[in-house]
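**Student:** no letters, just coordinates:
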């Protein structure tokens, strides 16, 4: 796959006909997309955990009630016990993958410790698990009209309410999802 066809730093927006419960009405930010497959984080599914519970489980002290109440997202069905911090912070954290438009995903404890002290990224989304596709799988799903794609918008990622992100991502592409049928066919 050439770099021009990579969907890294794009949103995958589930079409209304998506019947996989892991992705129905979902928006996934692709953090990596190449010949070997794709990896992304869903940005509009709330888990049963708050950031305060994650801090507690990892024995990280935080006095911030506001931080502690932030919902942790379900990043996807793969490795749901592994944490990912999606952010736009340029600092070098111990384990960070940087990708388009200044975005990064970190998996190291140091970023969580900084967040607990109020010294972390200004914009961050914490997720458990990720979504993954093997080589050619995502391309086949896109060809089967399972997904819309659009370049990721940081305003949607960091500032749009979680429950509004599916519609907002589609709207950024000029699509009103309520006007699309929830079934597909072939002519």
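**Tutor:** Perfect, thanks for sending it. Since we're looking at a predicted model, the values are computed, not measured.
**Student:** which secondary element of this protein has the worst mean pLDDT?
**Tutor:** Every helix and strand of the chain was ranked by mean pLDDT, DSSP states H and E. The lowest is helix 65-68, at a mean of 89.
**Student:** same for the following helix or strand past that one, what does it pack against?
**Tutor:** On the C-terminal side of helix 65-68, the closest following helix or strand by DSSP states H and E is strand 71-74. Applying 3 or more C-beta pairs under 8 Å, 6 or more residues apart in numbering; DSSP states H and E, one finds that strand 71-74 contacts strand 37-42, strand 46-50, helix 51-57, strand 124-134. In short, each C-beta sits where N, CA and C put it, glycine included.
**Student:** most tightly surrounded among the ones you listed?
**Tutor:** Here the criterion is mean neighbour count by mean count of other C-beta atoms under 10 Å, and of these the winner is strand 37-42, at a mean of 23.
**Student:** that's a helix at residue 111, yeah?
**Tutor:** Yes - assigned with DSSP: H, G, I helix; E, B strand; the rest coil, residue 111 falls within a helix.
**Student:** residue contacts, it?
**Tutor:** For residue 111, the contacting residues are 85, 87, 89, 93, 94, 96, 120, 121, 124, by C-beta atoms under 8 Å, 6 or more residues apart in numbering.
**Student:** likewise residue 46?
**Tutor:** Per C-beta under 8 Å, 6+ apart, neighbours of residue 46: 71, 72, 73, 74, 162.
**Student:** do the same with residue 118
**Tutor:** Per C-beta under 8 Å, 6+ apart, neighbours of residue 118: 64, 67.
**Student:** mind doing that once more with 7 Å?
**Tutor:** Residue 118 makes contact with residue 64 under the criterion C-beta atoms under 7 Å, 6 or more residues apart in numbering.
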